[in-house]
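S.K.: any chance you can model this:
(2 chains)
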Number of protein chains: 2
Amino acid sequence: MNKISEHYRKSWEPLALNQVTIDDAFWSPRQLNIASVVVPYQWAALNDAIPGAEPSHTIDNFRLAAGEAEGTFYGMVFQDSDLGKWLETVGFLLAQKRDPALEQIADDVIDLLGRAQQPDGYLNTYYTVKEPNARWSNLRDHHELYCAGHLMEAASAYYEATGKQKILDIMSRYADYIATVFGKGPAQKQGYDGHPEIELALVKLYQSTGNDKYLALSKFFVDERGQVPHFFDLEAPERKESGEHHHWSEYDYYQAHLPVREQSTAEGHSVRAVYLYSAMADLAAAYKDTALLQACQALWKDVVSKKMYVTGGIGSSSHGERFTVAYDLPNDRAYTETCAAIGLMFWANRMLQVERKREYADVMELALYNGVLSGISLDGKSYFYVNPLEVWPETANYRQDMESVKVTRQPWFGCACCPPNIARLIASLGHYVYAQNIDKREISVHLYVGSKVALEFAGESVQLTQHTQYPWDGQVDFDLSLEHPTVFTLSLRIPAWCDKAVLSVNGQELDVTIAEDGYVSLEQVWNPGDHISLQLDMAVTILHSHPNLRENAGKVALQRGPVVYCLEEADNGVNLHDIVLSTDAELKVHFDEGLLGGVAVITTSGSRSDVDLNAEAPLYSTKAYDRTPTVITAIPYFAWSNRGAGEMTVWIRQG
Amino acid sequence: MNKISEHYRKSWEPLALNQVTIDDAFWSPRQLNIASVVVPYQWAALNDAIPGAEPSHTIDNFRLAAGEAEGTFYGMVFQDSDLGKWLETVGFLLAQKRDPALEQIADDVIDLLGRAQQPDGYLNTYYTVKEPNARWSNLRDHHELYCAGHLMEAASAYYEATGKQKILDIMSRYADYIATVFGKGPAQKQGYDGHPEIELALVKLYQSTGNDKYLALSKFFVDERGQVPHFFDLEAPERKESGEHHHWSEYDYYQAHLPVREQSTAEGHSVRAVYLYSAMADLAAAYKDTALLQACQALWKDVVSKKMYVTGGIGSSSHGERFTVAYDLPNDRAYTETCAAIGLMFWANRMLQVERKREYADVMELALYNGVLSGISLDGKSYFYVNPLEVWPETANYRQDMESVKVTRQPWFGCACCPPNIARLIASLGHYVYAQNIDKREISVHLYVGSKVALEFAGESVQLTQHTQYPWDGQVDFDLSLEHPTVFTLSLRIPAWCDKAVLSVNGQELDVTIAEDGYVSLEQVWNPGDHISLQLDMAVTILHSHPNLRENAGKVALQRGPVVYCLEEADNGVNLHDIVLSTDAELKVHFDEGLLGGVAVITTSGSRSDVDLNAEAPLYSTKAYDRTPTVITAIPYFAWSNRGAGEMTVWIRQG
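M.R.: Presented below is the predicted three-dimensional model:
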């Protein structure tokens, strides 16, 4: 149902979600969990039906806006977006498996959305209920376009899944109205939202409707950001506020410090940043906008080479939830919001759609298996907003500068952005696995996830089935189901962490030639039943940081495949900082079926101080403590804090 | 002029300041600086005569209280204490050298104090000017008794120096009035101040007046603290506030969580804590109160073995300026307020007065040469409130969780507690050097500072002259000037950092027998002209932290004599965290006359990453950077940040 015109087509388009069926030992249970636990739970939360939980009031707000209830708006100004993310998740789930009961709930809430929509198309419960005469008066702080964006994303997902037009029509009407309010016309607002989101959402609305006006509106918002005079300075006096005192004092918090094409360093609120960069990548592709692409490339480089945690987490300061300066990546005070890692995946996937480069897919995979997945508990019932790389419960529970760090995942948040965001990410995993180049008759495999994909090359249907025990094993098998012999190119990513890849077709080993972009391309006539085997060597790698990264000086991290490891107190006792991994230690891996839902565990050896922690001892001494050999057990970072509160560290001393 | 009755005498009484004349290459210039730069500057500040500085209004507040000016109170509720500390400093300076011009200024301001005093003896400008009917309504937050305490300390110091009774009379009247307000009588308040200070000040007032009622009042305040029901909960409803919401939420912030005799861990605001503990030590000695002494001993142990930085700094959290949990001593987010290190010296000196133990003097010396002295620039014109042990200017200037850290000393503070506190500490250094045991005819030398001391043993006068180049050289010489042969004991502290001490009398080397208390005692008939030579070996020592102290894992600190060293960017370039001191490195020391006012410099060797910091490089890599040998230059910690902003670290990786 993709309505993208050839004119705006990207080099690499992702497949529609209903073309990809995930069937994977690692991911299918997680998707099932989203469907059976998270989505019902979140629906109950949106309806304030969870005893003891912080009220959400989201559905009630829509009822109020529809004139169907009495009372007043309650919640964050961006409360509507919670419904948007939930509905989008539902769309993603339905794309893979229709569910009449769930669909009925969604249809009903879509009807409610329709009734809450104002005659002119406007749809925002905060302003409709609380300040009906103050629409668009505070773009900087009030997330009005942000909420619109999340509902547009929901519309696109639900329409793509069900083919039902209603939500798409509602959001198109809203978008049409927005296009009358914003623009360069004399009576229009030449502004943009404090929180980027509508920009990427309008691209999706375009993709679902084929109406390139939405693409143009997205481009307008992106182009306006950072222009002088600053829009936020113009709108503030209109609501009788000085423009000088910003809530976050600086334009860079909103990525509005420079026109986007002049931005080369990632600044400000990290979720906002990667949402904006995602839209920039979309638009760079759609409009073949080289300057915009170059800005994306420069920003990408700044993030991954100076501002990204080894887990794919970004944003190192809780104050402003933001990027700070290059190489400032404290492990204990990492902010690394789950939403930011998710946004990094959004951006990485879009960069891959412009130019296929292994680096984008590597980072996408890294964020997925680490900084994103750590955000949700193994049972799917609790969440981290903040994902630190090192925790000492004593201070995390005590120091005010650790206030944002939680030692255990929380059931819900007042600012509930992360739980629905992780739900929609997992539900839409199929968007990240493959991409297709129509012109080149080529399919790229970006991620290794057990799945079935159905696509067509000029009318010839191809079905590819991927089998793997990834991320625990590097063996990946593909079976081709074709109607008759077909020419196309199958390109497989060889991750940078993999030192050795073995590839065979129908049992015949091939020379592996990794192209500059990090992919191996097999271009040939494929026959029904062809079998491709890829074996990625998944040795444990020891990672060192750049010498500028002071927090990790003298320390290493363990990674195996895409999975970053950590030490937990549950396995290693207290004082993890005291443990030193031996330089020559053997790194053994075993799969432990019963541990943390089944994970590959790394065991190795090192030393720790030989000390009786209960004995009296001086704080400082000219004598160093003797050291004693110790076994070191590392578990996947994403699985930490599923066994109660305790110390945790990703970076381990080595010597 | 000491009026302490035998009944309340401590084992070890410090000498009066006019008995000790400092004549020392290291300290005399610093005392001169206090007299010639700091005291005039601070007087100008108190009078708002410094262009561009934050207004103080202190003197004007007293004029307002005296009814001699128009306007309103301005400043902190504890603004009066700034005058108290200034006047106390003046007293300390005059005790060593009378200065008629300065004395005239002081006499005039004392007259003003007299005129500002209310008919009933009350003397507090905030309440007199601003809330005359609300005296004693908010002991928890308003520092009313705290201000009284600082003025009492000033009274004692000025009287001891000049013999002038006026200020002592003013403050005695105020104390007499306070004794009518507070007590166990039916119409009295059974409370105490949120900020301990008056407790130790009343002991001084007793020492200067001989009126043991002040000692008893001090004991009352100390005994009441932490009793249930909590006084702060009783007074809050009287001013129509809920007692539940405390500004700092917990009683422990005020050391009021438990009766003081039941306290065994140092909690809360660190300056308040050590001021309280100082009074507790005073009272334990005066009243031979074993339970109080045991509490002091337990608290001491908790501080020095779990909560003290290697510099003698205390208080590891800027939020609440407080102690946190055991072993939580982050170097970059250390709070380590200058006033807290000063307070630790107060306490240590008082512990020494109850029981002579090297540990107390060692910590007192450690704080003096490091955590206290780092608070003031070499030119005496700028100050640190916060004394971190590690600084990376990039984040100190950027991260909100580093907000309290300043990279360079500041000329003055709105909350100007530290500058006058360090001034009075340096001016009163003579109080810390010696102590006298009348009964045992013994003099203890706690600190090695060039000085002359005059004392009497039962009418026999003894003059001891100490010569030393301390802290740069461990050679200390003493000359005795006696009227005739005299029996007494001279006890010299052998610091714990000293591995080898050589002692000789009149050129005759003695066997050094260090007693359990860490002192060498020479008990003999001394003759006029006797000469004692003590040579303390001052090798560089390498300090390791307890394995629980996670911030220092794998790191060492360098100390020589009492001086802790640090690396600065000025000598070692950037990325100090990347430098690794070789385990077997030779530690060379040379005195550099021209550097930082003349300091002993340590040079040694190690390695650092061989990296072009301007080259593009990955943030994480499986390849460790090669390392290249490097020279390491360490300077005294107290002298850091006198050459502009740059990185600094006390703890250095070793391997």
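S.K.: quick one, helices of the stretch 201-350 of chain A?
M.R.: Applying DSSP state H, counting those that start in this stretch to the stretch 201-350 of chain A gives helices spanning A:212-224, A:231-238, A:270-286, A:290-302, A:338-354.
S.K.: give the rounded mean pLDDT of the second one.
M.R.: By that I understand helix A:231-238. For helix A:231-238, mean pLDDT is 91.
S.K.: what's the angle from that helix to helix A:212-224?
M.R.: 90 degrees (axes from the mean of the first three to the mean of the last three Cα atoms, to 10 degrees).
S.K.: show me what counts as buried in helix A:231-238.
M.R.: A:Phe231, A:Phe232, A:Glu235, A:Ala236 (16 or more other Cβ atoms under 10 Å in any protein chain shown). Using the backbone N, CA and C atoms, a C-beta is placed for each residue, glycine as well.
S.K.: any chance you could map the helices in the stretch 551-655 of chain A?
M.R.: Going by DSSP H, counting those that start in this stretch, the stretch 551-655 of chain A shows helices at A:569-572.
S.K.: between the two ends of stretch A:220-239, how far is it?
M.R.: 24 Å (Cα to Cα, to the nearest Å).
S.K.: and it, how far from the chain's centre?
M.R.: 28 Å (Cα atoms, centre = their mean, to the nearest Å).
S.K.: cool, stretch A:574-590 as well?
M.R.: Distance, stretch centre to chain centre, for stretch A:574-590: 31 Å (Cα atoms, centre = their mean).
S.K.: wondering if that stretch reaches chain B at all.
M.R.: Yes. Contact of stretch A:574-590 with chain B (Cβ under 8 Å from any Cβ of the partner chain) involves A:Asn575, A:His577, A:Asp578, A:Val580.
S.K.: thought the last one was touching A:Thr604?
M.R.: No. Under the contact definition of Cβ atoms under 8 Å, A:Val580 does not touch A:Thr604, with a separation of 11.2 Å.
S.K.: with neighbour numbers in mind, choose between the two.
M.R.: A:Val580 (23 against 20; other Cβ atoms under 10 Å in any protein chain shown).
S.K.: spit out the contact partners of the residue nearest to that one when sequence neighbours are not counted.
M.R.: Leaving out its chain neighbours, the residue that sits closest to A:Val580 by Cβ to Cβ, 6 or more residues apart in numbering or on different chains is A:Arg653, at 4.6 Å. For A:Arg653, the contacting residues are A:Gly554, A:Lys555, A:His577, A:Ile579, A:Val580, A:Leu581, B:Ala553, B:Gly554, by Cβ atoms under 8 Å, 6 or more residues apart in numbering or on different chains.
S.K.: A:Leu522 reaches A:Val505, doesn't it?
M.R.: Yes. Proximity of A:Leu522 to A:Val505 meets the contact threshold set by Cβ under 8 Å, at 6.9 Å.
S.K.: break chain A into its domains for me.
M.R.: Per automatic domain parsing, the domain ranges recorded for chain A read A:288-428, A:433-536, A:540-654.
S.K.: now tabulate those domains in TSV and tack on mean pLDDT.
M.R.: Below are those laid out as TSV (pLDDT from 0 to 100):
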stretch	mean pLDDT
domain A:288-428	93
domain A:433-536	96
domain A:540-654	97
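S.K.: just the ones you listed: most buried one?
M.R.: Compared across those, domain A:288-428 shows the largest average neighbour count, a mean of 23 (mean count of other Cβ atoms under 10 Å in any protein chain shown).
S.K.: that one near chain B anywhere?
M.R.: Yes. Residues of domain A:288-428 contacting chain B under Cβ under 8 Å from any Cβ: A:304-306, A:308, A:310, A:317-320, A:324-325, A:328, A:333, A:392, A:394-395, A:398-401.
S.K.: contact partners for the closest residue to A:Thr89 other than its chain neighbours?
M.R.: Spatial nearest neighbour of A:Thr89, chain neighbours left out: A:Arg424 (4.2 Å); criterion: Cβ to Cβ, 6+ apart. Under the criterion of Cβ under 8 Å, 6+ apart, the neighbours of A:Arg424 are A:Lys85, A:Glu88, A:Thr89, A:Phe92, A:Ala157.
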